[in-house]
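**Student:** give me a 3D structure for the following:
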Amino acid sequence: MRSDPSLALVLTIALLGCAPREDVLHPTFPNGGQLSGATPLQGDVLKKLEGMFTVSKGVGRFGRTVAAHAAKETLSFFTNAHDNYAILRAGCLGGGSQLLLEGYWRYASDSDTGLLRLSVGPPEVASALCSGAAPPAPAQFDGTMGVGNGPLKESVSFGFSKPLIETAGKFWVSAHHGACATIDDCGASENSVPSLLMAESFGASDVEVDVRLTSDGVPILFHDDSFSPRLSKGVYCHGPVEDFTLADVRALCRLKFGEQVPTLEEALQAVLTQTSLAAVWLDIKVPSAIAPVLQMQAKYQNLARQQGSKLAIVLGLGETDVLAAYRAAKPPIGTFCLVELSPDDVRSTGCQFWGPRYTRGPMAKDVRALQAENRYVMYWTIDDPTYIDIYLRQSRPNSILSDRPGLVFHRFQTLGTLPPKERPLP
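**Tutor:** Purely as a prediction, here's the structure:
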């Protein structure tokens with residue numbers, strides 16, 4: 001998203017901390033852990049483990065409540081304590097009598113991390129899930145956790161509290177250029193294909209990416225206007241993105257954690273074929289990218305419909321020159337678009353989405369007016385639980401964009417502040 005010079009943003013950055021931190025350890029169980037010999041548990045079965053849980057052991061690490069969220073191959077736990085999240089895989093042992101989860105926990109706002117192993121109980125629940133049957137009772141999670149790659153010494157226990165609020169068609173947790181910001185080091189660089197594929201495990205139902213144009217007219221994913229050590233690496237990977245051909249980018253540049261800088265087409269292909277994300281917000285950084293991005297949007301929106309996917313590909317218009325280029329292009333009526341400027345700009349452009357920056361305040365009156373017009377409101381970019389709660393309570397938006405989507409997931413499931421009108425994505 002764009003930078004904002006407002007005092008509120010400066011204060012927020014100061015509160016969250018922006019000083020460099022030590023390298024993050026990404027711990028793994030030796031030799032694949034106990035799951036190395038387990039029968040994997042995936043998909044719809046994992047969803048039966050979702051819910052809000054009360055923490056009886058491990059409060060110092062996880063706070064009082066955690067939200068359990070299932071993705072394709074993972075079960076994740078989110079809380080606002082230390083911005084903690086845990087991502088685990090599940091498998092059945094003992095001929096299907098034991099259901100085990102293994103993975104790691106992590107303080108998103110710091111470098112603290114460690115291994116986590118949980119058993120699912122009671123025994124009849126584990127057996128039912130391993131056989132593919134409906135569990136006779138809610139699940140209970142008991143286990144141990146460690147620090148770094150150290151031994152598992154701390155006890156953990158989560159007891160079922162209530163089901164999750166159904167969010168499909170009601171509220172979207174939006175991931176800011178992937179599963180996390182590069183500086184937060186969740187295992188992938190922002191605006192990379194691996195980060196997009198991780199987003200659902202981090203609680204997201206849709207994702208925002210940044211789109212720029214190479215000198216030979218290819219849309220690629222990259223946030224800054226220039227390649228620099230902040231987000232990329234390479235001895236000769238320096239200077240304005242628009243001065244590089246795609247061949248130059250491929251030969252000279254890698255993202256911070258070694259991934260290839262993806263083209264927009266590669267990113268959309270990955271989202272469409274390898275995820276269940278509801279939407280992709282294409283934050284267009286330069287006016288010259290409007291025409292090729294419109295073509296790419298039309299291509300992949302048609303492919304999504306042909307494949308029975310409800311994926312919405314939304315063009316993000318964040319600056320007046322980008323908005324002017326979009327209007328001049330005369331896109332087809334019904335093209336999905338999001339305006340970050342004023343509500344009147346949203347209306348005059350005929351866009352379905354408004355993306356206000358949160359530093360302008362909750363603006364509840366404007367939010368409600370646009371929602372009454374069957375438009376969507378998606379705030380950006382909020383990473384602090386105090387601000388997330390304020391905006392959920394006062395504005396009841398359709399979505400919040402965050403570098404820490406798991407935190408938004410937990411706060412929404414805790415507060416339950418649904419928008420005033422249910423309206424699925426178009």
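
**Student:** helix/strand/coil for the residue sitting furthest away from the middle of the chain?
**Tutor:** Relative to the mean C-alpha coordinate of the chain, counting by Cα atoms, centre = their mean, the farthest residue is Gly95 (35.5 Å). When classified by DSSP: H, G, I helix; E, B strand; the rest coil, Gly95 comes out as helix.

**Student:** kindly check the end-to-end length of stretch 206-219 for me.
**Tutor:** Distance across stretch 206-219, first residue to last, is 20 Å (Cα to Cα, to the nearest Å).

**Student:** from the middle of its chain, how far away would it be?
**Tutor:** Its chain's C-alpha centre and that of stretch 206-219 lie 19 Å apart, by Cα atoms, centre = their mean, to the nearest Å.

**Student:** pull out the buried residues from it.
**Tutor:** Asp206, Val207, Glu208, Val209, Asp210, Val211, Arg212, Leu213, Thr214, Val218, Pro219 (16 or more other Cβ atoms under 10 Å). C-beta coordinates here come from the backbone N, C-alpha and C atoms, glycine included.

**Student:** next: stretch 185-198.
**Tutor:** Buried residues in stretch 185-198 (16+ other Cβ under 10 Å): 185-198.

**Student:** what stretches of this structure score poorly on pLDDT?
**Tutor:** By pLDDT under 70, the weakly predicted segments of the chain are 1-22, 423-426.

**Student:** longest helix of it?
**Tutor:** helix 290-306 (DSSP state H).

**Student:** among the buried residues of stretch 185-198, which lie within helices?
**Tutor:** Those of those lying in helices (DSSP H): Val193, Pro194, Ser195, Leu196, Leu197, Met198.

**Student:** got those residues as JSON lines, with distance to His223 columns?
**Tutor:** JSON lines is the format used below for these (distance: Cβ to Cβ, whole Å):
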{"residue": "Val193", "distance to His223": "15"}
{"residue": "Pro194", "distance to His223": "16"}
{"residue": "Ser195", "distance to His223": "12"}
{"residue": "Leu196", "distance to His223": "14"}
{"residue": "Leu197", "distance to His223": "18"}
{"residue": "Met198", "distance to His223": "17"}
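
**Student:** mind checking the SS state of the most centrally placed residue in the chain?
**Tutor:** Centroid-nearest residue in the chain: Ala175, 2.9 Å away (criterion: Cα atoms, centre = their mean). Classification of Ala175 using three-state DSSP returns strand.

**Student:** got the contact list for it?
**Tutor:** Ala199, Phe202, Gly203, Ala204, Asp206, Val207, Glu208, Leu401, Ser402, Pro405 (Cβ atoms under 8 Å, 6 or more residues apart in numbering).

**Student:** element containing the fourth one, please.
**Tutor:** Right, Ala204. Secondary structure assigned from DSSP states H and E places Ala204 in neither a helix nor a strand.

**Student:** which strand residues bridge the residue nearest to the centre of the chain?
**Tutor:** Val207, Ser402 (DSSP bridges).
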